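No sequence on hand, only this structure:
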Ligand code: ARG
């Protein structure tokens with residue numbers, strides 16, 4: 001039981017209490033962020049003359065050695081320390097002696113963990129954006145190839161009006177585009193550095209918070225020190241955005257499951273993304289789609305849990321906040337995995353275009369167009385609606401459809417019908433006449449696709465903000481260069 005805070009204590013911590021309190025089992029994920037934060041902190045301490053240049057060089061070298069040893073597997077992050085912060089400090093002191101004990105000058109684990117979690121989350125926001133971008137590219141490619149792949153559009157899961165596959169996918173394109181916009185919003189709002197807030201009330205050392213913020217690629221330091229250590233809004237926003245991503249994926253999965261059912265057979269999911277049954281040899285199940293739909297629940301769970309954890313916490317840091325980690329990590333992993341698998345499934349899914357077109361023709365999806373035809377002949381829309389209603393009833397009784405009726409049959413319901421009705425209610429006409437902005441007509445779809453293409457050309461969030469330092473927190477060359485520079489600049493000489 002290695003602790004950073006033994007001085008004030010006489011008795012030993014109860015073993016179960018120690019285990020209950022310890023977070024190393026899960027916050028070891030923050031190892032790289034913790035090292036990066038410490039690098040920035042120590043470089044700043046030296047710059048401000050709080051540590052000597054020699055001390056800084058020694059600590060930076062020690063941190064780099066620890067990082068390399070953990071990366072190579074030579075050093076294991078075991079559970080002998082309470083948390084990842086204690087682990088790094090303990091290993092550092094073992095390696096470089098008493099200078100290691102100076103690392104935590106002017107810092108608390110409260111601003112340290114606030115920083116680590118922010119750095120980690122920021123990285124995951126960028127990754128999620130990238131995966132959403134991959135999904136959008138697949139959607140757009142399918143749209144480009146399916147401008148005239150007809151299918152029924154539904155309301156109440158009842159056939160409504162004919163649309164195209166391009167139009168249907170276009171709806172999801174908009175949803176996932178908004179998800180990406182949420183990532184960008186979250187990134188911009190969260191990108192302020194809490195380091196230097198201390199335990200809650202800043203410190204008495206002349207810390208240069210602007211400097212650490214810029215070293216770590218933040219837009220600047222956070223403002224109020226109490227808020228800095230107890231803010232987890234950005235995490236809640238991220239979980240809310242991830243929940244929305246999952247809601248979108250889940251709706252899409254539900255549709256794919258329906259399209260893949262024996263009754264519909266609109267699509268065939270590739271073998272790579274289907275599974276069989278242990279007893280029924282004929283089965284090819286859409287398990288991936290079902291699992292993505294199911295995993296939506298655990299991401300919503302993470303959001304609800306964190307909101308509940310935070311709701312009763314007085315300012316500033318309280319240990320409750322340690323509970324932000326496991327569920328957030330799980331939600332982040334879940335969403336990334338779901339996005340990767342879902343995108344792969346979509347990329348390889350085949351469409352049975354004839355079945356889709358036949359289905360689009362059945363179910364009176366051209367009834368609105370028949371009514372619009374009568375309106376074109378001068379019949380008021382409400383009367384046209386009633387006439388076509390009677391026509392549908394007639395077809396239902398005869399088990400046929402509008403386009404299959406003879407002109408006499410049609411004219412027996414309304415004298416306004418003429419030979420051109422057949423063209424007017426054909427699938428092609430029904431879709432092509434839908435010209436309003438956002439409708440499935442080919443002109444509108446071509447415009448939407450061109451617009452989508454130029455949107456994708458803007459690149460990922462990471463590419464867009466490429467000018468900001470340290471976007472990949474653990475390996476960004478600027479930060480590594482800074483460490484090396486600092487070592488070169490300060491290494492060797494000490495003021496002692
Ligand atoms: N493991 C803690 C967490 O995740 C780190 C901060 C500990 N701070 C403290 N005052 N005990 O929140």
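Now that the structure is in, tell me what you want to look at. Keep in mind it's a predicted model, so treat the numbers as computed, not measured. Numbers count the residues shown, from 1 in each chain.

For residue 234, the count of nearby residues, please.
Residue 234 has 19 neighbouring residues, counting by other C-beta atoms under 10 Å. Glycine gets a C-beta too; all of them are placed from N, C-alpha and C.

any idea what sits nearest it, other than its immediate chain neighbours?
Excluding the flanking residues, the one nearest residue 234 by C-beta to C-beta, 6 or more residues apart in numbering is residue 190, at 3.6 Å.

How much space separates residue 105 from residue 112?
From residue 105 over to residue 112 the distance is 12 Å, taken as C-beta to C-beta, to the nearest Å.

Of these two, which one has the most company?
Using other C-beta under 10 Å, the more surrounded residue of residue 105 and residue 112 is residue 112, with 27 against 15.

The more buried one touches residue 193, doesn't it?
No - Residue 112 lies out of contact with residue 193 (C-beta atoms under 8 Å); the separation is 11.8 Å.

Let me see the ranges of the strands in the stretch 1-150 of the chain.
Taking DSSP state E, counting those that start in this stretch to define them, one finds strands in the stretch 1-150 of the chain at 150-155.

Write out the residues of it neighbouring the ligand.
Residues of the stretch 1-150 of the chain that fall close to the ligand, judged by C-beta under 6 Å from any ligand atom: 23, 27, 83, 109-110, 113.

give me that answer again for 8 Å
Contacts of the stretch 1-150 of the chain with the ligand, taken as C-beta under 8 Å from any ligand atom, map to 23, 27, 82-85, 108-110, 112-113, 117.

Likewise for the stretch 151-300 of the chain?
Counting by C-beta under 8 Å from any ligand atom, the stretch 151-300 of the chain sits next to the ligand at residue 199.

okay but residue 95 is in contact with residue 67, surely?
No - under the criterion of C-beta under 8 Å, residue 95 is not in contact with residue 67, lying 11.9 Å apart.

Among these two, which residue is more densely surrounded?
More crowded of residue 95 and residue 67, by other C-beta under 10 Å: residue 67, with 19 against 16.

Let me see the contact set for the more buried one.
Contacts for residue 67 were tallied using C-beta atoms under 8 Å, 6 or more residues apart in numbering; they are 31-32, 35.

same thing with residue 243?
Contacts of residue 243 were listed using C-beta under 8 Å, 6+ apart, and they are 296, 299-300, 303.

Put the buried members of the residues you listed into a PyMOL selection.
Those of these that count as buried under 16 or more other C-beta atoms under 10 Å are selected in PyMOL with:
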select buried, resi 296+299+300+303
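
and of the contacts of residue 243, the nearest to the ligand?
residue 303 (18.8 Å; C-beta to the nearest ligand atom).

And the closest one, its phi and psi?
phi -60, psi -50 (degrees, to the nearest 10).

Spatially, what comes nearest to it if we skip its sequence neighbours?
residue 239 (4.1 Å).

mind checking the SS state of that neighbour?
Counting by DSSP: H, G, I helix; E, B strand; the rest coil, the backbone at residue 239 sits in helix.

What is the neighbour count of whichever residue of the stretch 151-300 of the chain sits closest to the ligand?
At 7.0 Å from the ligand, residue 199 is the closest residue in the stretch 151-300 of the chain, using C-beta to the nearest ligand atom. Neighbour count for residue 199, taken as other C-beta under 10 Å: 16.

who are the neighbours in contact with residue 327?
So residue 327 contacts 301-302, 305-306 (C-beta under 8 Å, 6+ apart).

do that again at 6 Å, thanks
Shown in contact with residue 327 (C-beta atoms under 6 Å, 6 or more residues apart in numbering): 302, 305.

Okay, it and the ligand: tell me how far apart.
13 Å (C-beta to the nearest ligand atom, to the nearest Å).

For the helix or strand where residue 445 lies, buried residues please.
Secondary structure from DSSP states H and E places residue 445 in helix 442-457. For helix 442-457, a neighbour-count test (16+ other C-beta under 10 Å) marks 442, 444-445, 448-449, 452 as buried.

for stretch 226-245, same thing?
Buried, per 16+ other C-beta under 10 Å, within stretch 226-245: 227-232, 234-245.

ok, so of the contacts of residue 243, who is nearest residue 47?
Taking C-beta to C-beta as the measure, residue 47 lies nearest residue 303 of the contacts of residue 243, at 39.9 Å.

low-scoring stretches of the stretch 301-450 of the chain, by residue?
For the stretch 301-450 of the chain, no stretch is flagged by pLDDT under 70.

For it, what lies in contact range of the ligand?
Going by C-beta under 8 Å from any ligand atom, the residues of the stretch 301-450 of the chain near the ligand are 317, 319, 321-322, 324-325.

Write the PyMOL selection for whichever of those residues are buried.
To isolate the buried members of these in PyMOL, using 16+ other C-beta under 10 Å:
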select buried, resi 317+321+322+324+325
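
Farthest-apart pair in the residues of the stretch 301-450 of the chain next to the ligand, please.
317 and 325, at 14.2 Å, using C-beta to C-beta across those.

Without its sequence neighbours, what residue ends up closest to whichever residue of the stretch 201-350 of the chain sits closest to the ligand?
Nearest residue of the stretch 201-350 of the chain to the ligand, counting by C-beta to the nearest ligand atom: residue 322, 3.6 Å away. Nearest non-adjacent residue to residue 322, counting by C-beta to C-beta, 6+ apart: residue 23, 5.3 Å away.

ok, now residue 392?
Of all residues not flanking residue 392 in the chain, residue 364 sits nearest, at 5.4 Å (C-beta to C-beta, 6+ apart).

right, and that neighbour touches residue 393 too?
No - look at residue 364 against residue 393 with C-beta atoms under 6 Å: they stay out of range, at 10.5 Å.

Which positions in stretch 276-295 come out as buried?
For stretch 276-295, a neighbour-count test (16+ other C-beta under 10 Å) marks 286, 288-289, 291-293, 295 as buried.
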